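**Q** just need the structure, nothing else, for what follows:
(one chain, ligands or ions: 1)
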Amino acid sequence: MTEAVTIAPETQAEIDRWLKKYPTDRKQSAVLQALMFVQRDNGGWLSEAHLNAIADYLELPRIAVYEVATFYDMYDLKPVGKNKIDVCTNISCKLCGCDKIVSHLEKRLGIKIGETTSDGRYTLKGVECLAACVGAPMMQINDLEYHEKLTPEKVDAILDRLEKEGDK
Ligand code: FES
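**A** Sure thing, here's the model as predicted:
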């Protein structure tokens, strides 16, 4: 049995603001945003209980939330590290050398794609196209920063900065 969770009142208000953008019988349109808000509140990932809570809040069948959460790379269904590194491994990035970037990241972090470092600092993910093909190969950090035309040296500089920020 999955333990129930409650969506915080402030987060419910954020979801409600999105619901107002759509016809009242189209609550499914707010699923993407609701998942983002609840994931943010839960340290970057969503449990089954969170998916259920969103479905209940939006008065949708659970499958309507599960199918979105399991389709998009931006949702994590298990705990993630403090820094989430999404490396695009789709076609443009593949053709422009993302394999070299992935290998470099795996070596430097001591983990494979899909894993989190034992100190909880980094999660490394391989993701589908992030719509920055012109800057391939590229990666995204913490759903916020795009880094393009990557080289191993650029990756090292980015990780050095994250390390410094983590020490503060
Ligand atoms: S294929 Fe990598 S950003 Fe599009």
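
**Q** checking the residue nearest the centre of the chain next. Helix, strand or coil?
**A** Residue closest to the average C-alpha location in the chain (CA atoms, centre = their mean): residue 74, at 3.4 Å. Assigned by DSSP: H, G, I helix; E, B strand; the rest coil, the conformation of residue 74 is coil.

**Q** around the ligand, pick out the residues from this structure.
**A** Neighbours of the ligand within the chain, by CB under 6 Å from any ligand atom: 88, 90, 91, 92, 93, 129, 130, 132, 133, 136, 138. In this view, the C-beta of every residue, glycine as well, is placed from N, C-alpha and C.

**Q** what residues are up against residue 8?
**A** residue 41 (CB atoms under 8 Å, 6 or more residues apart in numbering).

**Q** any idea how far it is from residue 2?
**A** Residue 8 sits at a distance of 19 Å from residue 2 (criterion: CB to CB, to the nearest Å).

**Q** next one: residue 42
**A** 14 Å.

**Q** and what of residue 139?
**A** In this view, residue 139 and residue 2 are 33 Å apart by CB to CB.

**Q** and these two? Which one has more around it.
**A** The residue with more neighbours, out of residue 139 and residue 2, is residue 139; 28 against 11, by other CB atoms under 10 Å.

**Q** burial check on the residue lying closest to that one once chain neighbours are set aside, number of neighbours?
**A** Nearest residue to residue 139 in three dimensions, chain neighbours excluded: residue 87, at 4.5 Å (CB to CB, 6 or more residues apart in numbering). Residues near residue 87, counting by other CB under 10 Å, number 25.

**Q** counting by contacts, list what the helix or strand that contains residue 87 packs against.
**A** Per DSSP states H and E, residue 87 falls inside strand 83-88. In terms of contacts (3 or more CB pairs under 8 Å, 6 or more residues apart in numbering; DSSP states H and E), strand 83-88 is packed against helix 98-109, strand 122-127, strand 139-141.

**Q** which ones are touching the closest residue to residue 50 other than its chain neighbours?
**A** In space, residue 50 comes closest to residue 38 once its chain neighbours are excluded; the distance is 5.2 Å by CB to CB, 6+ apart. Applying CB under 8 Å, 6+ apart, one finds that residue 38 lies in contact with 7, 11, 46, 50, 53, 54.

**Q** residue ranges with poor pLDDT in the protein?
**A** 1, 167-168 (pLDDT under 70).

**Q** repeat that with 80
**A** 1-2, 166-168 (pLDDT under 80).
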